[in-house]
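> What shape does this take:
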Amino acid sequence: MNTQEFNQAVTEWVLACQEIINAHYRTSYPNLTIPTLEVQEGSRYIRIFRKDGSTSRSAYAFINKGDKDGKGQGDILKPATYKAPAKHARGNLGDANKGLGSMSSYGPAYLR
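Here you go, the predicted structure:
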(Lines give C-alpha, C1' and ligand atoms only; values in the text may rest on other atoms or scores of the structure.)
Protein backbone atom coordinates (compact mmCIF):
# COMPACT_ATOMS: atom_id res chain seq x y z
CA MET A 1 0.00 0.00 0.00
CA ASN A 2 1.53 3.35 -0.95
CA THR A 3 1.54 6.38 1.35
CA GLN A 4 -1.51 8.04 -0.17
CA GLU A 5 -3.59 4.83 -0.03
CA PHE A 6 -2.44 4.21 3.54
CA ASN A 7 -3.39 7.72 4.68
CA GLN A 8 -6.78 7.41 2.98
CA ALA A 9 -7.38 4.03 4.67
CA VAL A 10 -6.48 5.50 8.07
CA THR A 11 -8.85 8.44 7.55
CA GLU A 12 -11.72 6.15 6.52
CA TRP A 13 -11.02 3.83 9.47
CA VAL A 14 -11.07 6.70 11.98
CA LEU A 15 -14.36 8.01 10.55
CA ALA A 16 -15.91 4.51 10.73
CA CYS A 17 -14.75 4.10 14.34
CA GLN A 18 -16.21 7.51 15.19
CA GLU A 19 -19.53 6.35 13.75
CA ILE A 20 -19.38 3.21 15.93
CA ILE A 21 -18.88 5.44 18.98
CA ASN A 22 -21.66 7.82 17.90
CA ALA A 23 -24.16 4.98 17.42
CA HIS A 24 -23.30 3.43 20.79
CA TYR A 25 -23.69 6.69 22.68
CA ARG A 26 -26.91 7.65 20.88
CA THR A 27 -28.58 4.39 21.87
CA SER A 28 -27.04 3.68 25.29
CA TYR A 29 -26.11 7.11 26.69
CA PRO A 30 -28.25 9.77 24.99
CA ASN A 31 -27.65 12.39 27.72
CA LEU A 32 -23.84 12.18 27.65
CA THR A 33 -21.48 14.07 25.38
CA ILE A 34 -20.18 11.85 22.60
CA PRO A 35 -16.39 11.33 22.71
CA THR A 36 -14.37 12.28 19.64
CA LEU A 37 -11.35 10.61 18.09
CA GLU A 38 -8.09 12.48 17.46
CA VAL A 39 -5.07 11.31 15.49
CA GLN A 40 -1.41 11.80 16.42
CA GLU A 41 1.32 10.52 14.12
CA GLY A 42 4.53 9.18 15.59
CA SER A 43 7.62 7.63 14.04
CA ARG A 44 6.40 3.98 14.16
CA TYR A 45 2.71 4.20 15.02
CA ILE A 46 -0.30 6.39 14.54
CA ARG A 47 -1.94 6.87 17.93
CA ILE A 48 -5.70 7.37 18.06
CA PHE A 49 -7.01 9.20 21.12
CA ARG A 50 -10.52 9.13 22.49
CA LYS A 51 -11.28 12.59 23.85
CA ASP A 52 -13.99 12.82 26.53
CA GLY A 53 -15.00 16.37 27.40
CA SER A 54 -12.49 19.18 27.28
CA THR A 55 -9.39 17.73 28.97
CA SER A 56 -9.70 13.97 29.42
CA ARG A 57 -8.24 11.76 26.70
CA SER A 58 -7.16 8.16 26.52
CA ALA A 59 -5.45 5.93 23.97
CA TYR A 60 -8.11 4.27 21.80
CA ALA A 61 -5.93 2.33 19.34
CA PHE A 62 -2.62 2.30 17.49
CA ILE A 63 -2.02 1.75 13.78
CA ASN A 64 1.34 0.37 12.70
CA LYS A 65 2.98 2.45 9.95
CA GLY A 66 5.11 -0.55 8.94
CA ASP A 67 8.85 -1.00 8.67
CA LYS A 68 10.97 -0.03 5.65
CA ASP A 69 9.84 -3.20 3.83
CA GLY A 70 6.16 -2.53 4.60
CA LYS A 71 5.88 -5.41 7.08
CA GLY A 72 3.11 -4.82 9.60
CA GLN A 73 1.72 -1.81 7.77
CA GLY A 74 -1.89 -1.15 8.68
CA ASP A 75 -1.99 -3.45 11.71
CA ILE A 76 -4.47 -2.23 14.32
CA LEU A 77 -3.20 -2.65 17.86
CA LYS A 78 -4.85 -2.39 21.26
CA PRO A 79 -3.17 0.06 23.66
CA ALA A 80 -1.05 -1.54 26.37
CA THR A 81 -0.38 1.87 27.91
CA TYR A 82 -1.04 5.47 26.96
CA LYS A 83 2.16 5.54 24.90
CA ALA A 84 2.65 1.95 23.74
CA PRO A 85 0.59 -0.64 21.87
CA ALA A 86 0.06 -4.27 22.82
CA LYS A 87 2.05 -6.83 20.85
CA HIS A 88 -0.52 -8.64 18.73
CA ALA A 89 -2.59 -7.10 15.95
CA ARG A 90 -6.39 -7.08 16.26
CA GLY A 91 -6.97 -6.42 12.57
CA ASN A 92 -5.50 -4.73 9.52
CA LEU A 93 -6.62 -1.86 7.31
CA GLY A 94 -6.21 -4.13 4.29
CA ASP A 95 -8.39 -7.03 5.45
CA ALA A 96 -11.96 -7.75 4.32
CA ASN A 97 -13.48 -5.70 7.18
CA LYS A 98 -11.01 -2.83 6.66
CA GLY A 99 -9.85 -3.32 10.24
CA LEU A 100 -13.29 -2.84 11.78
CA GLY A 101 -14.03 -6.48 12.62
CA SER A 102 -12.68 -6.26 16.16
CA MET A 103 -13.58 -2.63 16.93
CA SER A 104 -16.08 -1.43 19.51
CA SER A 105 -16.91 1.96 20.97
CA TYR A 106 -14.16 1.35 23.55
CA GLY A 107 -11.37 0.25 21.17
CA PRO A 108 -10.01 -3.00 19.75
CA ALA A 109 -11.24 -6.26 21.27
CA TYR A 110 -9.21 -8.51 23.52
CA LEU A 111 -7.66 -11.60 21.94
CA ARG A 112 -9.42 -14.90 22.62
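
> For the chain, just list every one of the helices.
In the chain, the helices defined using DSSP state H lie at 3-28.

> now the farthest one out in it, which residue is it?
Asn31 (24.7 Å; Cα atoms, centre = their mean).

> My read is that Arg50 contacts Pro35, right?
Yes - at 5.0 Å, Arg50 counts as touching Pro35 under the criterion of Cβ atoms under 8 Å. The C-beta positions use only the backbone N, C-alpha and C, and glycine is treated the same way.

> list residues touching both of these two?
Ile21 (Cβ atoms under 8 Å, 6 or more residues apart in numbering).

> all strands for the protein, in order.
Ranges of strands in the chain, per DSSP state E, are 36-41, 45-52, 56-64, 75-79, 85-92, 103-104, 107-108.

> possible to save those strands as TSV with mean neighbour count?
Formatted as TSV, those follow (neighbours: other Cβ atoms under 10 Å):
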stretch	mean neighbour count
strand 36-41	13
strand 45-52	18
strand 56-64	20
strand 75-79	22
strand 85-92	18
strand 103-104	17
strand 107-108	22
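
> As JSON lines, those strands with distance to Ala16 would be great.
Below are these laid out as JSON lines (distance: least, Cβ to Cβ, whole Å):
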{"stretch": "strand 36-41", "distance to Ala16": "10"}
{"stretch": "strand 45-52", "distance to Ala16": "12"}
{"stretch": "strand 56-64", "distance to Ala16": "12"}
{"stretch": "strand 75-79", "distance to Ala16": "12"}
{"stretch": "strand 85-92", "distance to Ala16": "12"}
{"stretch": "strand 103-104", "distance to Ala16": "8"}
{"stretch": "strand 107-108", "distance to Ala16": "13"}
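
> mind checking which of those strands is nearest Val14?
Closest to Val14 of the strands of the chain is strand 36-41 (Cβ to Cβ; 5.5 Å).

> got the angle for the closest one vs helix 3-28?
With axes from the mean of the first three to the mean of the last three Cα atoms, to 10 degrees defining the directions, strand 36-41 sits at 160 degrees from helix 3-28.

> before we move on, back to that, which residues does the residue farthest from the centre of the chain contact?
Asn31 neighbours (Cβ under 8 Å, 6+ apart): none.

> What does the pLDDT read for it?
Looking at Asn31, its pLDDT stands at 94.
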